[in-house]
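In: Could you work out the structure for the sequence below:
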Amino acid sequence: MIISFLKAISLVNCLKILTASVIIFLAPVQSILISVGLLVIVDMILGILKSYVKKTRITSRKLAQTVIKMLIYQLAVITVYVLDMVMINDVMLNFLSIQLVATKIVALVIVIVEGKSIIENIDLILNINIIKTLTSFISGSRKLVDQIRGDDKNDEDGDGDNYIEPNINEEP
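Out: So this is what the prediction gives:
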């Protein structure tokens, strides 16, 4: 009876149970882990394109650094998630009604770092400043919408020309 039990609980079955347990435990942060991984992959692809455009060598060291960065980011999220589940979440729920706030803050920092790197790569590949271009596009669009609506903030007299006639009766 004991021998048949030990045969049933083989190493493969134990590994299957352990893997399933880890996947179930990490299910609440699955989308964060996937998002962080995708951002690192996008950054790597854009880094390769940047190297191609700038005609610089792609070394195995740089690719290895990307793999290490991916592992560090994933382990950071998982570590903070475990701490969140064990300690931080209970304390933070007294102040905020947000679950896993520390895990989300770490993920946000990673997203900002990777997003900045992605934007820098795009700037170098396309030879434009994306932030400045988007800012001017948005401000231009806002002005156009204001003019169409007729509620342009710079047009104080309402005639659509943004010219303010001086009031000569006004005392300085």
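
In: center of the chain - which residue?
Out: Nearest to the geometric centre of the chain sits Val111, at 2.7 Å (CA atoms, centre = their mean).

In: residues in contact with that one?
Out: 35-36, 39 (CB atoms under 8 Å, 6 or more residues apart in numbering). Heads up, the C-betas are built off the backbone N, CA and C, glycines and all.

In: Kindly list the main-chain dihedrals of it?
Out: Phi and psi for Val111, reported as degrees, to the nearest 10, are phi -60, psi -40.

In: Would you quantify the distance from it to Gln147?
Out: The gap separating Val111 from Gln147 is 36 Å, by CB to CB, to the nearest Å.

In: Over to Val82?
Out: Distance of Val82 to Gln147, given as CB to CB: 54 Å.

In: Can you tell me the SS state at Ile128?
Out: Following DSSP: H, G, I helix; E, B strand; the rest coil, the label given to Ile128 is coil.

In: pLDDT value on it, please?
Out: pLDDT recorded at Ile128 is 83.

In: and it, how many neighbours?
Out: For Ile128, the count of nearby residues is 11 (other CB atoms under 10 Å).

In: same question, Leu100
Out: Leu100, neighbours per other CB under 10 Å, totals 20.

In: Good, we can wrap up now.
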